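K.L.:
need a structure here:
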Amino acid sequence: MYGLLAQLAGDSTLVEGINSHARIIAPGSSNPFLIALKASENPILVVTSSSRGAEDLAEDLRNLHPTVLEFPAWETLPHERLSPRGETVARRIQTLAALQSMPADSNPIVVAPIRAVIHRFIASLASEPLQTIEIGDEVSLTKLIEHFTALSYTRSDLVEKRGEFAVRGGIVDVFMPLSDYPVRIDFFGDEIEELSYFDISDQRTTKPVTGKLTILPCRELLITDAVKARAEEIKSRYPSALEVLEKISQGISVDGMESLIPFLVDEHTTIFERISPRSTVIFIEEERTKSRTADLIETNEEFLQASWSNASL
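P.N.:
Residues are numbered from 1 along each chain as shown. Down below sits the predicted model:
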């Protein structure tokens, strides 16, 4: 899971195929201006020591460069039986999808904390185009409902929080992970006749949706037929995870199932393999980032040993 840890902590060679790496030797306040200037020549991956630093830097860069993408880290460690927030997952997938669809000569800036950079994720994540909807589209209501379910949205009677959807006749309400407000999709037959935002408190529509809406998943591990089959296959080998594996094999999403990604999916990758080979990697506060990487090595090993200790008991 942390295959690049020692490499990042010990030397400056990153990964084969990346154009170059660089460090900024200047007052911290000048970082956004220097990065934006460099981005006029090449795509940039900026690595920060913390998630807060990545968020603040991305906000500053948006005033200086047209294409700034964030690739946030999970709030949890890979071995914890906890799931990352749906908003975090959606932001990561949104960034990967944007990188996938960009022209080869574009120069985006991707900002990521070191935790996100060293964390290997499912190789097929955001490799296919995301579904979009807009007024006038011909969409099967049944297939749309199935699509929301496949992307780990939770069906409820009333939409009140992100990641939920509800169906009433020819109306579908959905609260997407990165939206400020939920959306009401009004069908006439198989045609989307109306798209409107609505208020959670009184469930009344407020304003129409303009343009396309992109449907982002709520989880990185989606329960496909292959994942269900793998969960069924390995249940007897990992009795400590039997309860979680049993639910996955039945197609039920469960909190913490992301901790089993290494057992359920074979191919994994990192953000280095998704950015352009023309990219320059820039470390902000390089020594602090190396120190943070070393801490992550130690913490990850502790959690790994603790998880296997619990499993043996």
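K.L.:
List of residues touching the strand ranked longest in the chain?
P.N.:
Assignment by DSSP state E gives strand 191-198 as the longest strand of the chain. Here strand 191-198 makes contact (CB atoms under 8 Å, 6 or more residues apart in numbering) with 133-139, 173, 181-187, 204-209, 213. To be clear about C-beta, it is placed using only N, CA and C from the backbone, and glycine gets the same treatment.
K.L.:
please redo it, this time with the cut-off set to 10 Å
P.N.:
133-139, 141, 144, 159, 170-173, 175, 179-188, 204-213 (CB atoms under 10 Å, 6 or more residues apart in numbering).
K.L.:
Please check those and keep the buried ones.
P.N.:
133, 135, 139, 141, 144, 159, 172-173, 175, 179, 181-187, 209, 213 (16 or more other CB atoms under 10 Å).
K.L.:
Who are the contact partners of Asp225?
P.N.:
Gly251.
K.L.:
thinking again about what came up before, tell me which of the contacts of strand 191-198 fall in strands.
P.N.:
Using DSSP E, these in strands are 133, 171-173, 183-188, 205-208, 213.
K.L.:
Which two of these have the greatest separation?
P.N.:
Phe188 and Thr206 (21.2 Å; CB to CB).
K.L.:
Any regions of the chain where pLDDT drops low?
P.N.:
1-26, 302-313 (pLDDT under 70).
K.L.:
where along it do the helices fall?
P.N.:
5-10, 31-38, 51-61, 86-101, 114-118, 141-150, 225-234, 242-249, 261-264, 286-312 (DSSP state H).
K.L.:
Is Pro66 in contact with Met102, as I believe?
P.N.:
No - counting by CB atoms under 10 Å, Pro66 stays clear of Met102, with 11.8 Å between them.
K.L.:
what about the two, which has more around it?
P.N.:
Each of Pro66 and Met102 has its neighbours counted (other CB atoms under 10 Å); Met102 has more, 15 against 11.
K.L.:
distance of Pro32 from Leu178?
P.N.:
Counting by CB to CB, to the nearest Å, the separation of Pro32 from Leu178 is 23 Å.
K.L.:
Between these two, tell me which one has more neighbours.
P.N.:
Pro32 (22 against 13).
K.L.:
Now for the more buried one: which residues touch it?
P.N.:
Taking CB under 10 Å, 6+ apart, one finds 46, 56-65, 68, 109 in contact with Pro32.
K.L.:
Using PyMOL, define a selection of the buried residues within these.
P.N.:
Buried residues among the contacts of Pro32 (16+ other CB under 10 Å), as a PyMOL selection:
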select buried, resi 46+57+58+60+61+62+65+68+109
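K.L.:
Reformat the contacts of Pro32 into CSV and put distance to Ser127 next to each item.
P.N.:
Output for the contacts of Pro32, formatted as CSV (distance: CB to CB, whole Å):
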residue, distance to Ser127
Val46, 24
Asp56, 30
Leu57, 27
Ala58, 24
Glu59, 29
Asp60, 31
Leu61, 26
Arg62, 26
Asn63, 31
Leu64, 30
His65, 26
Val68, 22
Ile109, 22
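K.L.:
ok, of the contacts of Pro32, which one's closest to Met257?
P.N.:
Ala58 (29.0 Å).
K.L.:
so the closest one makes contact with Val68?
P.N.:
Yes - using CB under 10 Å, Ala58 is in contact with Val68, at 5.6 Å.
K.L.:
okay, and the common contacts of the two?
P.N.:
By CB under 10 Å, 6+ apart, the residues touching both Ala58 and Val68 are Pro32, Val46, Ile109, Val110, Val111.
K.L.:
Next, the contact list for the residue positioned nearest the centre of the chain, please.
P.N.:
With distances taken as CA atoms, centre = their mean, Arg92 lies nearest the centre of the chain, 2.6 Å away. Residues near Arg92 by CB under 10 Å, 6+ apart: 69-74, 84, 112, 116, 119, 121, 125-126, 216-217, 220, 271.
K.L.:
Apply 7 Å and report the result again.
P.N.:
Phe71, Pro72 (CB atoms under 7 Å, 6 or more residues apart in numbering).
K.L.:
For it, give its distance to Thr48.
P.N.:
Arg92 is 16 Å from Thr48, by CB to CB.
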